[in-house]
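>>> Fold the stuff below for me.
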Amino acid sequence: MTNNISFIVHSWMLTSLELKGNELIAYAIIYKYSDIKGQKFVVSIRKLAEIMNVSKNTAQAVLDSLIKKGFIHSVAVSYTHLRAHE
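Sure thing, here's the model as predicted:
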C-alpha cells in the first residue's frame, strides 16, 4: 500500500475540465507531480493503480481516456512519462 501520497482537486478541474471519478483523481495526481514547468511525472501503471486503489486495467483505461481527451500526453519509453497540459 502506498502511504503519504497527497494531491489537490482544484475547482477548475471540476468546472473547466469537467472531470470526475477516476479521471479526476488520476489527473489531479499527475498535475500535482508535474505542475512545475518542464517537469514530467514518471510512473508505472502498476504504481499509479496502487496510488488510485484501482486495477492496472482501470488505471490504463483512465490514462488512455485522458490522453484521448488531450488532458495529458505520454512519451513511449520503458516506463511512462505523463504530463498534465497547461
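
>>> Could you double-check that residue 22 sits in contact with residue 55?
No. With contact defined as Cβ atoms under 8 Å, residue 22 does not count as touching residue 55 (10.6 Å). Placement of C-beta: from N, CA and C, glycine included.

>>> and the helix or strand residue 46 falls within, how far out from the chain's middle?
In this structure, residue 46 is located in helix 45-52 according to DSSP states H and E. Centroid separation for helix 45-52 versus its chain: 10 Å, with Cα atoms, centre = their mean, to the nearest Å.

>>> Can you give me the buried ones in it?
For helix 45-52, a neighbour-count test (16 or more other Cβ atoms under 10 Å) marks 45, 47-52 as buried.

>>> what about residue 75, which helix or strand?
Applying DSSP H and E, one finds residue 75 within strand 72-76.

>>> Only C-alpha atoms, please: export that strand in PDB.
Output in PDB follows, covering the C-alpha atoms of strand 72-76 (Å, rounded to 0.1, in the frame of the first residue of the first chain):
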ATOM      1  CA  ILE A  72      -2.200  14.500 -20.700                       C
ATOM      2  CA  HIS A  73       0.300  13.100 -23.100                       C
ATOM      3  CA  SER A  74       2.600  10.100 -22.800                       C
ATOM      4  CA  VAL A  75       6.100   9.600 -24.000                       C
ATOM      5  CA  ALA A  76       6.800   6.000 -25.100                       C
END
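
>>> I'd say residue 29 and residue 51 touch.
Yes. If you go by Cβ under 8 Å, residue 29 and residue 51 touch, sitting 6.2 Å apart.

>>> circling back to that earlier point, let me know the next secondary structure element after the helix holding residue 46.
helix 56-68.

>>> Can you mark which positions in that next one are buried?
Buried residues in helix 56-68, counted by 16+ other Cβ under 10 Å: 58-59, 62-63, 66.
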